[in-house]
Every structure is written in C-alpha cells, then in structure tokens.
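# Kindly generate the corresponding structure for this input.
(3 chains)
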Amino acid sequence: MAARAPRPLPEYLAGLNPEQLEAVLHEDGNLLILAGAGSGKTRVITTKIAYLIAERGLAPESILAVTFTNKAAAEMRERACSIEPACARANLRTFHSFGAWFLRRNAAAAGLDRDFTIYDDDDSTTLLRAAFPELSRPEAGKLASAIARAKDYGLTPDAPDLERGFGGKDFRRRYAEYEGRLRQTGNVDFGDLISLPVRVLEREPAIRERVHARFRVIMVDEYQDSNVAQFELLKALAGPEAYVCVVGDDDQSIYRFRGAEVKNILSFPEVFPRTAVVKLERNYRSYQSILDIASRVVENNEGRLGKTLRATRTGGEKPTLAVLRDHDEETAYCIRVIDAHLRTGGSFSDVAILYRTNAQSLAFERAFPPAGIPYRLVGALRFYEREEVKDALALLALASNPRDEVAFRRVANKPARGVGDASLEAVVEAAFLGDGDLVAAAAEARAKSAKARAGLAAFAALMQKLAERLAAPALADDGGRALDDDAPGPSGPPPVAPGAERLSAVVEYAVRESGLLQYHKDQDDIAGSQKTANLDELVNAASDYPATREGLAAFLEAVELDRAMSSGEVSQDAVTLITMHNTKGLEFPVVVIAGMEQGLFPRDDDEGDDLEEQRRLFYVALTRAKDELHLTYCRRRLFRGRIMEYQPSRFLAEVPKELLKSFGGKLDLSIAEAAGAWKTGTRVYHDDHGAGYVARVAPAGEAGVCVTVRFETGRTLQFFPKFTKKLERMGD
DNA sequence: CAATTCGGGATCTGC
DNA sequence: TCCCGAATTG
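Below is the predicted model of the structure:
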C-alpha cells in the first residue's frame, strides 16, 4: 500500500478531537485515559491499536488488549480490524480468556492438565458442600463467594492479612481445604484464571522473560472494574520496556461488590512511572439536559477523581419524571412513550426499559404483547446456567477430565440409576485413594446394592464410550509444543478437518445415551418448559468444533467464559428490557428508567459505599440515553405478591426539580400532613391483632399514609388508616 | 434410594 | 407469590 515515508496523518485520525488524538498518539511512558460516558473511548482504543500497527510498525502479536466482557472484546476486535485488518492477529481478549490461554500454554508450570475445565460459582459451591457436609446450601454459597472475593484480592490461604475482612481460622482452614480439593479435580475457578498466571510469572523467569519480550503494548479497557488480582497480573505481564495504557471511568465502577478496586485507577500513576493522564470529557451521546441530571446525581459521591461531561449535541427535550399509581400505570406510560416515538418515525429497537431487578421485567412482558410491542429480554436467565445445559456440560466435562468431582456428582445419578448418596461418596473416596479417576472408580465400585453397582457400571460404560468417540489430539505427537509456543490465537474453535466428525455428534450422543434427553423431555411435558430445545441449541453450538479432546476443551472453555451465549432467535426490531447492570457500554435513543422507588432502587439497606455504588449504577443508567429520558416512580408496587406502598427514591431528591418535567403528578416528599396523628411510638389497637405500637410512618400518595405496627404478639404488619377501620389509636 | 411435603427466603452480578 | 432445599416417608 502506501509508502512508509513521512506523510500526513491518516484519515481515520482526522475525525478525532484534540484529547482523543493526544491519547492515540501518546507513546512515551505510560498512559491513563479517564474517559467519561459516551466520550468515544472504544474509538480511541481501537484507533490506537490500528495506529500502532499501521503507522508505528508494531507487530500485531506484540499487542495485548484486555476487556471485561466478551461483547466488549468482540466489538473492539471488529472495530480495530475495520481500520487495520492486521489487528486480527493482536491479542484482544477478556482478562479471564487471556488467563485460560496462558494457563493452557504453561499448564505444566501451573501444575495443571492442558485440558482443565473452568468451575463457575455454582460448581465451587458444590465442591464446598462435598468437602464440608455440615454446611447448608446457602452457607456453602456464602463461603464460595468469600473465597472468590479473597482471590479477587490476590489473597492465598496463607496470606497474613486474610483474617481481616474474611473471618477467622475457620475461613483460612476451609479456603485451604477448598484449594486442595480443587487441585485434586485438576480444574480451576474463575479466580485462578487470574491468580495462577501471576504466580507462574513470579516463579518462572524463563516464562516471564518470554512474555515480557512478546507483549510490548498492554491495554486495559473498563479499568475501573479491575480487581487487585488483575492489577497484579497487569504488573506481572508488563516488562520494563512495555507500554501500558489503561482506560476507565471511576464514576462507572459498579462491580465493587465483586472486588473491583477504584484504587487501581488512583494508584496507577505511582505504580507505572512516567504516566500521562488524558481526560475525555466531551460526550457525543446525550443531550446536555440528560448529562446535567447525571452530573448532579454523581456529585453526591465522595472520593471521585472528578470529571465534568460536556455535551457536543445541543437541543433536546427536558427529561421526564412520571409519577404513577402502580405498575399498570407504569407499563401504560411506557407504551405511550413507545407509541409517541414510533409516530415520529422511530423504531422499537430505539427504546430500552431499564430496571434494577429482573423481577420487574414481568409486568412489561405481560403488557407489551397485547399492545403489539415486540420486546427482547436481555440476560435474565443465562443459557449456560440452565439445569439441562449444565447437566449436558457436566457429562462432557467428565469425559474431558475424569477427575472432575463436581461434574461426576452432578450426573452420575441423573437420570436416576439407583445410585444414592452413600454409593456416590464411596466412589469419590475410592478415587481419592487412587489417582483420582472417578470414572474408573465407578466402574470398579463395590457398592452395597446390586442396583447401585449396575447403575455405576452403566454410567462408567457410557463415559468410556464418550472418551472413545473423542479422537486422539492431533498435537499429541509433538509433546504439546504447538501449545507451548506463543501462537497468537485469537480465541475460537480449532479448525475442523474436512470429513472429520464434529463435536455436535458427540454431544448429541452423550445427551441421548445418558438418558438426559428423555429425562428433560418428560420435564418439558409436565411443566411445558423448553429444556429439550435448549439441549438442541447446545448441540448446535458444538458444531463448530472438532470431535477431539482439544476441540472439547475449547468448546467447554468458550461456553464457560461466554455466559451470554443466547438461546433462541433474536428478533430484529424490538424494545429492549434490561437490568441497569447489563446496560454498561450500550446506548439507546429513548431510555426509560423504571421503578425509581425507595427500597427498590436503592434498597433501604444500601448505605455508605454500597449506596455510592448504587448511585454510580444510576449514573450509568442515565448516561445510556441519547435523545429522550424518562424516569418512573410508582406509589404502589406488587412486591412478593403483596401490594406495597413506596416513597420516591432518594436519588430523585438529588435531582433539582427544574431539570425534570413532570408527568402525572408532582412529588410531595413532605409526609407530615398526611401522617396526621399517626406518629412513631403511638399505642394502637387492632380488632384482629390486639395491642401494639407504631414502628414506622411512611407517605403513601393517595392512600395518605402507611403505618407499620409492631404487635405484642410479635407480628409486624402494615396498614393504611385511610382504608381500615380496624386500627385505632389508644388513649385518644 | 426416590418421591413428596413443608417451610424459609427472596438483588444486582462483567468473567 | 413462588421457588428451592431439607426433611420425612414409603
């Protein structure tokens, strides 16, 4: 193409604003980009990658760019490649996918099999319950998330400051036992995908040097969501010569509960010397009237770096606050908004309804079809989490790794083969005494009952056949060298040789021969569910992979690391129903943020740092809107089958009234008038429940006031004095 | 060992 | 209200 002689800036740089251009061209030292919502940060990253390759002559393989979601990684790849096709050879991945890639190539150094599979939180809980039968399911779940959190902070079971924040000796002991059990299975959890590479890099100078020599440029997107362990990985990956560029927005950090550390942004310039800071504050997405609200809200947080978004788009309507009676009025209001938008020539897909909890989607799902509105529900129950899919995956995981205890426990007796808890435990114990091979142990089991013995033998035979159907790995002959070398490997299935069997045939065989298909078909007939359809979907998903051990491992990794894998068809033009968390990185011309009620968003127990995180979530939600923004508040809402009265969200009080146009009614935050003589502490008598006292008084719109009464019987109930005659004040 | 009943708890959650 | 996990019973 063009000569490499000096020449004017390429055309793809021409559209950048001065700050964006500065960020793209910067290359001396390190770089921290503070990028506000809608400021074009993805454009900056992708342009920078393309620029480094096309203009600065960097080898694509020497660039590593990590994101937090597969979707973001895919988008980055696509946009970078559209500027410079060679970007396809750069390493653009999620943190976890990079970790898996690294560990497979350095499996021996990490003490792992190359074919390890990845345990999710649910699998960890199962493992913990096996290790500690005294724990109930919820207790094991809490322990699993505490361990995951410890790993987020890079703390091993022998970390000195483990006690701080993670309970005492019990936690340390259990964490250590969990690690032992997990290593025994030969598998890893999500935390290991980050922390094991760090340890390998620290321990193995040869590997470290090879990595340092390879990755000259390391970029991290959504840096505000990185946790301590990921920060450690970044430090370990970056050699003295590396150029590190991170992009983030402290105001959009909404994963603190999962270990994300805003401190990673604050301390970046100290850890990485000669760091330049570029702020991107020009917002190309929203009208200023929308940004004003977002800014006023997020200003209530402390400990921000401080940014002020300025809109480049002028004009636009003032956002609306709709004060509504209940969720029926809320759906009706949304339908009006959608209709009005269609009348101006817009489409369904321009509109998104955002809410805090998945349960809120139900009202819209019921109201939209009769109104002729197609909708698309994002991320409610993820495909891979479904029972039938996890069952099928467990069969495959066990075929891939016969030491996988969690998979074995899940499917050894599903559908029922007459193998009970006692027999199952005996097999696991026998395997532990040997080489850990659970399938072999099942085949040899000396179970008490003939029924259990027969069941285990049948199961072992099935697993044996599955293993046989997986052709030997093509790479076996070279002792795995092809994996040890630093192949660039954008993630994806290994190629299927022409005429070779596809993995989908093996998956179908496994599902059918195990009896899982029939089992779930029966469930479908009883409950009218879609389980067999989902199993079909899983079979389809496997068709891109070859029926080899390597193909299976790649398939399992893809499924485990891309949880968004959808089930079913995506309709083209539909309104989006989505939780606020799921909207990060998205934008819509018309946004409705539904359910602005105190107790729902934020919850009443959100205080301090939790409250600030919820406020950032609100900020994220607000800044998704391009043209039109609506907030809805319902005075009553159905909550767990009961109609409850709600006050407006405290976040609404943080928005100056003049920034919102009101619909339906004005907020009245003063309760004194409606409360009348109902005051906290008042003694009362109820015809049905006897004596008690008022514990709480809350405004309830047209219903006047809602009083919470604690009775001497110990019960606590809520009443609307306006509607009941059974509740009386005593001593009046 | 499997089926049924009963009772407690109920958020969001990138990978 | 609804769903899941534990206990109980056949």
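# Isn't A:Leu622 up against A:Ile290?
Yes. The pair A:Leu622 / A:Ile290 is scored as a contact, 6.5 Å apart, by Cβ atoms under 8 Å. C-beta here means a position set from N, CA and C on the backbone, and glycine is covered the same way.
# shared neighbours of these two, anything?
Here A:Leu622 and A:Ile290 have A:Leu629 as joint contacts, going by Cβ atoms under 8 Å, 6 or more residues apart in numbering.
# Check for me that A:Arg149 belongs to a helix.
Yes. Counting by DSSP: H, G, I helix; E, B strand; the rest coil, A:Arg149 falls inside a helix.
# pLDDT score for it?
Listed pLDDT for A:Arg149 reads 92.
# Just give me the neighbour total for the nearest residue to it once chain neighbours are set aside.
Distances taken as Cβ to Cβ, 6 or more residues apart in numbering place A:Gly259 nearest to A:Arg149, at 5.7 Å, with adjacent residues excluded. Per other Cβ atoms under 10 Å, the neighbour tally for A:Gly259 reads 20.
# Spit out the contact partners of A:Gly259.
By Cβ under 8 Å, 6+ apart, the neighbours of A:Gly259 are A:148-149, A:152-153, A:227-229.
# Helix or strand next in line after the strand or helix carrying A:Val24, which one?
Take DSSP states H and E as the rule and A:Val24 turns out to sit in helix A:18-25. As assigned by DSSP H and E, the chain's next helix or strand after helix A:18-25 is strand A:30-35.
# Check the offset of the helix or strand just after that next one from the chain's centre.
The helix or strand immediately downstream of strand A:30-35 is helix A:41-54, counting by DSSP H and E. In this view, helix A:41-54 has its centroid 26 Å away from the chain centroid, taken as Cα atoms, centre = their mean, to the nearest Å.
# quick one: contacts of helix A:41-54?
With Cβ under 8 Å, 6+ apart, helix A:41-54 has contacts from A:10, A:12-13, A:16, A:20, A:23-25, A:27, A:33, A:35, A:58-60, A:63, A:65, A:72, A:75-76, A:79-80, A:83-84, A:86-87, A:90, A:92, A:217, A:219, A:221, A:245, A:247, A:249, A:280.
# what's near enough to touch the closest residue to A:Phe711 other than its chain neighbours?
Leaving aside its chain neighbours, A:Phe711 sits nearest to A:Gly692 (3.7 Å; criterion: Cβ to Cβ, 6+ apart). By Cβ under 8 Å, 6+ apart, the contact set of A:Gly692 is A:683-686, A:709-713.
# any idea what A:Gly692 is structurally, helix, strand or coil?
Here A:Gly692 is strand, with the state taken from three-state DSSP.
# Who is it paired with across the strands?
Per DSSP bridges, the residues bridged to A:Gly692 are A:Val684, A:Phe711.
# Tell me the pLDDT of it.
pLDDT, A:Gly692: 80.
# What separation is there between it and A:Leu470?
Per Cβ to Cβ, to the nearest Å, A:Gly692 is found 68 Å from A:Leu470.
# Let me know the closest of the contacts of A:Gly692 to A:Ala363.
A:Val709 (29.2 Å; Cβ to Cβ).
# what's the neighbour count on the nearest residue to A:Lys279 once chain neighbours are set aside?
Residue nearest to A:Lys279 in three dimensions, not counting chain neighbours: A:Leu34, with 4.7 Å by Cβ to Cβ, 6+ apart. Counted with other Cβ under 10 Å, residues neighbouring A:Leu34 total 23.
# Repeat that for the one 10 residues further on.
A count of neighbours around A:Val44, defined by other Cβ under 10 Å, yields 24.
# right, and A:Asn401 touches A:Phe116 too?
Yes. If you go by Cβ under 8 Å, A:Asn401 and A:Phe116 touch, sitting 6.8 Å apart.
# Touching both of the two, which residues are there?
A:186-187.
# Mind checking which of the contacts of helix A:41-54 are in strands?
The strands, defined by DSSP state E, take in A:33, A:35, A:63, A:65, A:92, A:217, A:219, A:245, A:247, A:280 from the contacts of helix A:41-54.
# Next up, the contacts around the residue lying closest to the third one once chain neighbours are set aside.
So that's A:Ile63. Closest residue to A:Ile63 apart from its sequence neighbours, by Cβ to Cβ, 6+ apart: A:Ala90 at 4.2 Å. Taking Cβ under 8 Å, 6+ apart, we find A:Ala90 in contact with A:49, A:53, A:60-61, A:63-65, A:80, A:488.
# buried ones in stretch A:413-427?
Neighbour-count burial for stretch A:413-427 flags A:413-414, A:417-419, A:423-424, A:426-427 (criterion: 16 or more other Cβ atoms under 10 Å).
# need the contact list for A:Tyr243.
With contact set as Cβ under 8 Å, 6+ apart, A:Tyr243 has these partners: A:27, A:29-31, A:216-218.
# Is any residue of the helix or strand hosting A:Glu425 near DNA strand C?
Secondary structure assignment for A:Glu425, by DSSP H and E: helix A:421-433. No. When contact is scored as Cβ under 7 Å from any atom of the strand, no part of helix A:421-433 falls within range of DNA strand C; the minimum is 10.4 Å.
# Chain A against DNA strand C: which residues are in contact?
A:136-137, A:640-641.
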